[in-house]
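Student: okay, here's the prediction I keep looking at, along with the sequence it came from:
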Amino acid sequence: MSVSTHGLRVRRGPQVVRAAVELLSSMRFAIALLTIICIASIIGTVLKQHEPINNYINQFGPFWAEVFRAAKLDSIYSAWWFLLILAFLVISTSLCIARNTPRILSDLKTYKEGIRVQSLRAFGQRAETVLDETPDTAANRIGQLLATGGWKVKLQHRDGDGWMVAARAGGAHKLGYIAAHSAIVLVCIGGLLDGDLIVRAQTWFNGKSVYTGGGLIADVPPQHRLSPRNPTFRGNILVPEGAQSSVAILNQSDGVLLQDLPFSIELKKFIVDYYSTGMPKLFASEVVLHDRETGKQIPARIEVNHPASYKGIEIYQSSFDDGGSSVKLKAVPMAAAAKPFEVEGTIGGSSEITNGTDRLTLEYTALRVINVENFGESAGGAMTSGADVRKVDLHNSLESRLGAANKTNKPKVLRNIGPSVGYKLRDAAGQAREYQNYMVPVDTGDGQPVFLLGMRERPEEPFRYLRVPADEQGSMETFVRMRATLADDDARARAIDRYIVRATDPKRPELANQLRSSAARALALFAGAERAKTDAVSTGGWQAIAEFMEANIPEGERERAGAVLVRILNDVLFEVLNVSREKAGLAAMPSDEKTQTFLTQAVLAISDAHFYPAPVALMMTDFKQVQASVFQVARAPGKNIVYLGCLLLIIGIFAMLYVRERRLWVWLAKDDAHPRGTAATMAFSVNRKTMDSDREFEHLKEKLLAIRKDTAS
């Protein structure tokens with residue numbers, strides 16, 4: 001029996017109804033639905049699900065973001081059309097099973113012993129011979145041999161004609177069809193039970209609605225909460241150390257629903273261990289489950305792939321987050337009008353700060369205690385990521401990956417560079433920039449430790465870092481004093497005077513006056529006290545010097561004049577550094593290599609600071625970390641159904657691929673040419689002809705009819 005791809009053929013009713021029933025129950029319709037589901041699942045895997053709309057806008061643009069939202073591609077597995085396709089697939093596959101199962105079971109019981117002798121001679125695999133025994137004896141012998149070989153045998157005696165021996169084997173092949181298609185139905189039913197269908201049904205028929213607001217969980221109205229008796233759900237719950245929570249968040253495409261649990265989870269201790277790369281090696285939670293009805297307390301330890309279970313609800317360790325760590329920040333002025341101050345806050349909270357007449361909202365977004373970065377050659381220096389297109393070398397790239405198994409591209413030098421704080425500064429218009437500043441200075445390889453002040457305009461961009469040199473006390477004070485001195489007209493004049501005394505001969509006052517004029521102009525441009533031209537882009541730094549040279553020096557003389565101007569400016573800035581230390585009551589720095597390294601980095605930082613988009617940089621001075629565990633809680637009644645479906649699918653596929661259905665007929669009748677002999681005609685049929693089936697046929701000929709391959713005619 002071959003399985004038909006046609007559906008149920010209804011004999012009565014309108015033509016449209018009969019055609020619809022035939023299509024719905026046909027195998028081709030089920031395959032088409034399964035193909036659509038596979039394509040949708042690929043989209044759901046590639047496209048991140050349940051992300052905020054702003055993330056899609058940043059990545060794909062407003063047009064495609066709206067298309068994704070309208071087509072529910074951002075929440076495929078809970079989209080109405082996806083659930084509808086699953087439902088139709090269940091119905092269609094069930095009808096296919098109902099249509100074909102009776103015929104399959106009937107065919108398993110049929111030996112087709114009534115086949116005509118002439119039909120046997122039309123088979124591709126057949127054999128004929130004469131046996132030296134009576135038909136009765138030959139039929140019993142052949143039937144016994146087949147039965148001991150695992151065949152199901154039926155003997156038919158035809159009056160006056162002879163005996164027909166009919167046998168079959170490999171019936172599990174057709175049972176594999178039933179198992180595989182039943183598995184599809186079970187997996188889809190389990191998916192519907194464990195998906196959002198029941199949750200959505202409560203929003204359609206039970207008066208529940210999605211919550212789109214903010215505030216405390218305790219203040220959310222009952223119409224946005226699901227009962228603890230909800231038969232199926234899957235959500236996330238965040239529990240800080242030392243706190244309890246009993247409400248899970250169920251993310252929906254247009255908001256959230258709150259799921260009340262029959263117990264509360266108390267996080268006693270969060271445990272995290274790291275690899276040398278900085279990636280988490282282990283994170284686990286020691287919790288106590290508090291039954292809300294009986295008050296019973298159940299201690300448990302939850303790890304990744306080792307969930308806890310209580311009252312039919314599985315609790316998985318999903319990830320970890322900040323549980324409300326407190327941080328102390330100190331503002332470092334980055335603009336002339338800015339003043340230093342200190343502020344305290346909690347991660348996840350916000351504070352209001354002012355910049356003169358402007359008000360900014362400081363949002364505390366992240367505290368990272370461990371930051372492991374690669375400082376090897378392949379990293380191209382600290383805090384870099386991605387490929388540098390200027391260094392692409394195909395030959396070296398291939399060589400680094402071929403040859404010895406222990407060869408690597410370039411050695412990694414991994415180092416923990418200490419804690420960092422992340423925050424956002426949001427203006428009155430709602431526009432925000434994100435910042436990431438490291439608490440301690442980092443030696444990036446040139447011997448001068450620097451503070452890394454990161455900034456980015458959009459979340460998908462990498463951080464760009466301003467590198468501020470640390471002084472001998474490991475602080476930014478020397479840099480801050482030098483920058484403040486540079487903004488003071490009198491202090492700049494004193495620095496220029498010291499430079500002139502050191503750099504010129506007192507007997508040549510005309511040279512001193514000329515040098516003083518050049519140094520004063522260059523220092524004023526660098527400090528931002530003077531503009532090279534009215535429409536200048538830069539407010540200071542090396543960019544202002546470059547704009548001045550482009551506007552006032554012929555192109556052919558810029559290289560030579562630039563070298564002279566840079567040398568003068570560096571010498572004057574050295575005096576600015578010492579004037580700043582003198583004002584603080586500190587000794588002047590010597591003119592040695594160490595001082596020059598510090599000065600070089602300080603000058604670069606001062607120049608880049610003119611482009612820093614915030615009036616202050618907030619440096620973390622102290623913190624108190626509070627960890628939090630993110631658990632996924634799920635009540636999944638369809639899980640066992642899916643497991644059963646997976647088992648049936650494995651059995652069904654193996655049965656259809658590796659079990660061959662075979663049928664054998666042997667007709668035994670008296671031979672007129674040999675009165676004492678029996679004419680035997682054997683035919684062999686297999687659903688899938690292979691080399692194994694050919695060998696089996698040769699074996700059966702030799703075993704049953706004593707026909708050897710080398711003697712067969």
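Tutor: Thanks, I have it.
Student: domain parsing for the chain?
Tutor: Annotated domains of the chain cover 15-106, 110-170+660-705, 211-231+233-323+628-635, 326-332+343-468, 479-619 [automatic domain parsing].
Student: in TSV: these, plus mean pLDDT.
Tutor: Shown next, in TSV, are the domains of the chain (pLDDT from 0 to 100):
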stretch	mean pLDDT
domain 15-106	85
domain 110-170+660-705	89
domain 211-231+233-323+628-635	90
domain 326-332+343-468	77
domain 479-619	86
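Student: which of these sits closest to Ala180?
Tutor: Set against Ala180 and scored by CB to CB, the domains of the chain come closest in domain 15-106, at 9.9 Å. Every C-beta, even on glycine, is put in place using the N, C-alpha and C of the backbone.
Student: distance from the closest one to the middle of the chain?
Tutor: Counting by CA atoms, centre = their mean, to the nearest Å, domain 15-106 is centred 23 Å from the centre of its parent chain.
Student: and it, how far apart are its ends?
Tutor: The first and last residues of domain 15-106 sit 30 Å apart, counting by CA to CA, to the nearest Å.
Student: nearest to Ile650, out of the domains of the chain?
Tutor: Ile650 sits nearest to domain 15-106 of all these, at 17.4 Å, using CB to CB.
Student: so where do the helices sit in the stretch 301-450 of the chain?
Tutor: 394-399 (DSSP state H, counting those that start in this stretch).
Student: run a quick neighbour tally on Ala529.
Tutor: 18 (other CB atoms under 10 Å).
Student: contacts only, for it.
Tutor: The contact partners of Ala529, by CB atoms under 8 Å, 6 or more residues apart in numbering, come to 487, 489, 492, 540.
Student: quick one on the thing from earlier: in JSON lines: the domains of the chain, plus distance to Leu648.
Tutor: As requested, those are exported to JSON lines (distance: least, CB to CB, whole Å):
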{"stretch": "domain 15-106", "distance to Leu648": "12"}
{"stretch": "domain 110-170+660-705", "distance to Leu648": "19"}
{"stretch": "domain 211-231+233-323+628-635", "distance to Leu648": "23"}
{"stretch": "domain 326-332+343-468", "distance to Leu648": "42"}
{"stretch": "domain 479-619", "distance to Leu648": "60"}
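Student: those domains: which one's closest to Leu644?
Tutor: Nearest to Leu644 among these is domain 15-106 (14.9 Å), distances taken as CB to CB.
Student: so which of the domains of the chain is nearest Val187?
Tutor: Here domain 15-106 is closest among the domains of the chain (CB to CB), at 9.6 Å.
Student: what strands line up against the helix or strand hosting Asp622, and which way round?
Tutor: Using DSSP states H and E, Asp622 falls within strand 616-624. Strand pairing for strand 616-624, determined by DSSP bridges: strand 326-333 (antiparallel).
Student: give me the contacts around the partner strand.
Tutor: With contact meaning CB under 8 Å, 6+ apart, strand 326-333 is reached by 338-347, 353, 364, 367, 421, 423, 468, 476, 480, 483-484, 615-624, 626.
Student: how about stretch 512-520?
Tutor: 492-493, 496, 499-500, 503-504, 506, 565, 568-569, 572.
Student: how far off centre is that stretch?
Tutor: Remark: stretch 512-520 is offset 61 Å from the chain centroid, using CA atoms, centre = their mean.
Student: in that stretch, what's buried?
Tutor: Within stretch 512-520, the residues that count as buried by 16 or more other CB atoms under 10 Å are 512, 515-516, 518-520.
Student: so which of these sit within helices?
Tutor: Among those, DSSP state H puts 512, 515-516, 518-520 in helices.
Student: CA-only coordinates of the lengthiest strand in the chain in CSV, if you can.
Tutor: Assignment by DSSP state E gives strand 255-274 as the longest strand of the chain. The C-alpha coordinates for strand 255-274 follow below in CSV (Å, rounded to 0.1, in the frame of the first residue of the first chain):
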residue,chain,number,x,y,z
GLY,A,255,3.4,45.3,27.0
VAL,A,256,3.6,42.9,29.9
LEU,A,257,1.3,40.7,32.0
LEU,A,258,2.0,39.9,35.7
GLN,A,259,1.9,36.3,36.8
ASP,A,260,1.3,35.7,40.6
LEU,A,261,3.0,32.6,41.9
PRO,A,262,1.8,30.3,44.6
PHE,A,263,5.1,30.9,46.4
SER,A,264,7.7,33.6,46.8
ILE,A,265,11.4,33.2,46.0
GLU,A,266,13.9,34.5,48.5
LEU,A,267,17.5,34.8,47.3
LYS,A,268,19.9,34.1,50.1
LYS,A,269,23.1,34.1,48.2
PHE,A,270,24.2,34.5,44.6
ILE,A,271,27.3,32.7,43.5
VAL,A,272,29.3,33.6,40.3
ASP,A,273,32.6,32.3,39.1
TYR,A,274,34.5,33.5,36.0
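Student: can you name the next helix or strand after that strand?
Tutor: Counting by DSSP H and E, what follows strand 255-274 is strand 280-291.
Student: ok, that following strand: who's next to it in the sheet?
Tutor: Counting by DSSP bridges, strand 280-291 is paired with strand 255-274 (antiparallel), strand 297-303 (antiparallel).
Student: so which of those is nearest Gly430?
Tutor: strand 255-274 (20.7 Å).
Student: can you give me the buried ones in that closest one?
Tutor: Buried residues in strand 255-274, counted by 16+ other CB under 10 Å: 256-259, 261-267, 270.
Student: pretty sure Ala484 contacts Val576?
Tutor: No - Ala484 is beyond contact range of Val576, at 10.3 Å (criterion: CB atoms under 8 Å).
Student: compare neighbour counts for these two and give me the winner.
Tutor: Just comparing Ala484 and Val576: by other CB under 10 Å the higher neighbour count belongs to Val576, 30 against 14.
Student: who touches that one in this structure?
Tutor: 482, 485-486, 491-492, 495, 523.
Student: tell me which of those is nearest to Thr129?
Tutor: For the contacts of Val576, the minimum distance to Thr129 (CB to CB) is 109.1 Å, reached by Met482.
Student: so how far is the strand or helix carrying the closest one from its chain's centroid?
Tutor: For Met482, the element it lies in under DSSP H and E is helix 477-486. Distance of helix 477-486 from its chain centroid, counting by CA atoms, centre = their mean, is 45 Å.
Student: next, the buried residues of that helix.
Tutor: 478-483, 485-486.
Student: what do you get for stretch 547-562?
Tutor: When burial is assessed from 16+ other CB under 10 Å, stretch 547-562 yields the following buried residues: 547-549.
Student: that older thread, got the contact list for the strand holding Asp622?
Tutor: Taking CB under 8 Å, 6+ apart as the rule, strand 616-624 contacts 325-335, 338, 340, 342-343, 355, 362, 367, 419-421, 423, 435, 437, 439, 451, 453, 466, 468, 476.
Student: got it, and stretch 474-489?
Tutor: By CB under 8 Å, 6+ apart, the residues outside stretch 474-489 that reach it are 332-333, 336, 340, 440-441, 449, 451, 468-471, 491-492, 495, 523, 526-529, 573, 576-577, 579-581, 583-584, 598, 602, 605-606, 609, 619.
Student: so which of those residues are in strands?
Tutor: Assigned to strands by DSSP E, the following of the contacts of stretch 474-489 qualify: 332-333, 449, 451, 468-469, 619.
Student: returning to that earlier point: buried only: go through the contacts of strand 616-624 for me.
Tutor: Listed as buried from those are 325-327, 329-335, 338, 343, 355, 362, 367, 419-421, 423, 435, 437, 439, 451, 453, 466, 468, 476; burial here means 16+ other CB under 10 Å.
Student: what packs against the strand or helix carrying Ala127?
Tutor: Secondary-structure assignment from DSSP H and E places Ala127 in strand 125-131. Counting contacts by 3 or more CB pairs under 8 Å, 6 or more residues apart in numbering; DSSP states H and E, strand 125-131 is packed against strand 674-686, helix 691-705.
Student: without its sequence neighbours, what residue ends up closest to Ala147?
Tutor: Spatially, and ignoring its direct neighbours in sequence, Ala147 is nearest to Val153 (5.1 Å; CB to CB, 6 or more residues apart in numbering).
Student: report the buried residues of the host helix or strand of that neighbour.
Tutor: Element membership for Val153, per DSSP H and E: strand 152-158. Of all the residues in strand 152-158, those buried under the rule 16+ other CB under 10 Å are 153, 155-156.
Student: that's all I had, so thanks and see you.
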